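**Student:** next comes the sequence, and after it the predicted model I'd like to discuss.
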Amino acid sequence: MTNYSNQRLKLLYLMKILLEKTDENNLMSASDLIAELNNYGIKAERKTIYSDIDLLKQFGLDIEKVQSKTFGYRILSREFELAELKLLVDAVQSSRFITHKKSDALIKKIFSLTSRQQAKQLNRYVHIHDRPKTINENIYYNVDTIHEAINTGKKVSFKYFDYDTSKKKVYRKNGGTYCQTPLSLCWNEDSYYLISYSVHHDDLVHYRVDRISDVTICDENADTIDAKRFDIAEHSKKFFGMYNGELIRATLSFDNRLVNVVLDRFGKDVIIANGGDRFDITVEISDSPVFLAWMFQFGEQAEIKAPEKLKNSMRSLIEKNRTMYK
């Protein structure tokens, strides 16, 4: 590369240096910037540095000139604040559907969104947690493929599996493929689910994305869905815990101390009937072990009042567990 070509890249390298090495707590003088540019084989003078910084400011970089005990330049604000990057790091770490390997790769990319000094703070912020993570490395790309199918109005083909005790995949339908109309991706109970329309069932169905493999976009157009008949938001809300079970309209009673828990679970639009130290709600839920276990964890603070069928499901679950631990 000729010296002339290097000079044409000067503005880009100057921007790179400022973004990587300066922030609200770290300055670089004109001499520092000239020295750094020299490391890239680019010669610069003070006058050109000043004019180049003016051009970068016109371009939109928030560069501040500081004149106090120390003199220099710094990037004052960025696309993401440090506090926002900490939230992103924590979200990536906490996501069970992202593998450890992919989490590490994403966090390194988040580090690049700030200066090297602030990245060190982020690195200290990263803690090693024994959080369970998926072991399906392809989930990251499955999500992208499903989104593309939804956006282009195409069906998706995929295989669905469970793990056995040796952590080996056991495919359902003897390894056969599912061909579905993808409608939405839903985050529930720390897992990602694909909600799709099944022609075979003439209904909405859902699948854990981390147990999907061999995802491809089909040439076949997606089925036209009656939005009034198939309400995705209602489907997600009713299938409590995303486990299949008969939908039942239930009346539930809770201790007043659980009001925040109930609002988090059923949403702020749920109608609360006050009654002294307790309150009642009437909601549609899925009669499933997941819902029953959620209610059971609160002991005497939560009660199924109706219908009798759901109360019997709870009695049966309690009896089975009592028998197991005799």
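**Tutor:** Cool, got the structure.
**Student:** report pLDDT for Thr323.
**Tutor:** For Thr323, the model assigns a pLDDT of 91.
**Student:** and it, what element?
**Tutor:** Element membership of Thr323, judged by DSSP states H and E, is helix 308-324.
**Student:** export that helix as CSV, just CAs?
**Tutor:** C-alpha atoms of helix 308-324 as CSV (Å, rounded to 0.1, in the frame of the first residue of the first chain):
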residue,chain,number,x,y,z
GLU,A,308,-64.1,-28.9,40.2
LYS,A,309,-62.3,-30.6,37.3
LEU,A,310,-59.2,-28.4,37.8
LYS,A,311,-59.4,-29.0,41.6
ASN,A,312,-59.4,-32.7,40.9
SER,A,313,-56.3,-32.4,38.8
MET,A,314,-54.5,-30.7,41.7
ARG,A,315,-55.7,-33.4,44.1
SER,A,316,-54.5,-36.1,41.7
LEU,A,317,-51.1,-34.5,41.4
ILE,A,318,-50.7,-34.1,45.1
GLU,A,319,-51.7,-37.7,45.7
LYS,A,320,-49.3,-39.1,43.1
ASN,A,321,-46.4,-37.1,44.7
ARG,A,322,-47.5,-38.2,48.2
THR,A,323,-47.5,-41.8,47.2
MET,A,324,-44.0,-41.4,45.7
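**Student:** for the stretch 51-200 of the chain, which segments count as helices?
**Tutor:** Here the stretch 51-200 of the chain has its helices, by DSSP state H, counting those that start in this stretch, at 82-94, 100-111, 116-125, 139-152.
**Student:** for Ile272, find the nearest of those helices.
**Tutor:** With respect to Ile272, and counting by Cβ to Cβ, the nearest of the helices of the stretch 51-200 of the chain is helix 82-94 at 30.2 Å. Any C-beta I mention is one placed from the backbone N, CA and C, and that applies to glycine too.
**Student:** other SSEs contacting that closest one?
**Tutor:** Applying 3 or more Cβ pairs under 8 Å, 6 or more residues apart in numbering; DSSP states H and E, we find helix 82-94 packed against helix 100-111, helix 116-125.
**Student:** least confident of those helices, on average?
**Tutor:** helix 116-125 (a mean of 82).
**Student:** if you count neighbours, what's buried in it?
**Tutor:** The neighbour-count check on helix 116-125 (16 or more other Cβ atoms under 10 Å) flags 118-119, 122 as buried.
**Student:** thinking again about what came up before, off-centre distance for the helix holding Thr323?
**Tutor:** In terms of Cα atoms, centre = their mean, to the nearest Å, the centre of helix 308-324 is set 35 Å apart from its chain centre.
**Student:** one more: stretch 14-21?
**Tutor:** Stretch 14-21 sits 30 Å away from the centroid of its parent chain (Cα atoms, centre = their mean).
**Student:** let me know how buried Leu194 is, in neighbour terms.
**Tutor:** For Leu194, the neighbour count with other Cβ atoms under 10 Å is 26.
**Student:** go on, the one 5 residues further on?
**Tutor:** For Val199, the number of neighbouring residues by other Cβ under 10 Å comes to 11.
**Student:** next, the contact list for it, please.
**Tutor:** Listed by Cβ atoms under 8 Å, 6 or more residues apart in numbering, the contact set of Val199 reads 181, 223.
**Student:** switch the cut-off to 7 Å
**Tutor:** If a contact means Cβ atoms under 7 Å, 6 or more residues apart in numbering, then Val199 has Asp223 as its contacts.
**Student:** per-residue confidence at it?
**Tutor:** 92.
**Student:** if I look at it, how far off is Ala222?
**Tutor:** As judged by Cβ to Cβ, to the nearest Å, Val199 and Ala222 stand 11 Å apart.
**Student:** follow-up on the earlier one: dump the helices of the stretch 51-200 of the chain into a markdown table; add distance to Val215 as well.
**Tutor:** Putting these into a markdown table (distance: least, Cβ to Cβ, whole Å) gives the following:
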| stretch | distance to Val215 |
| --- | --- |
| helix 82-94 | 22 |
| helix 100-111 | 16 |
| helix 116-125 | 32 |
| helix 139-152 | 5 |
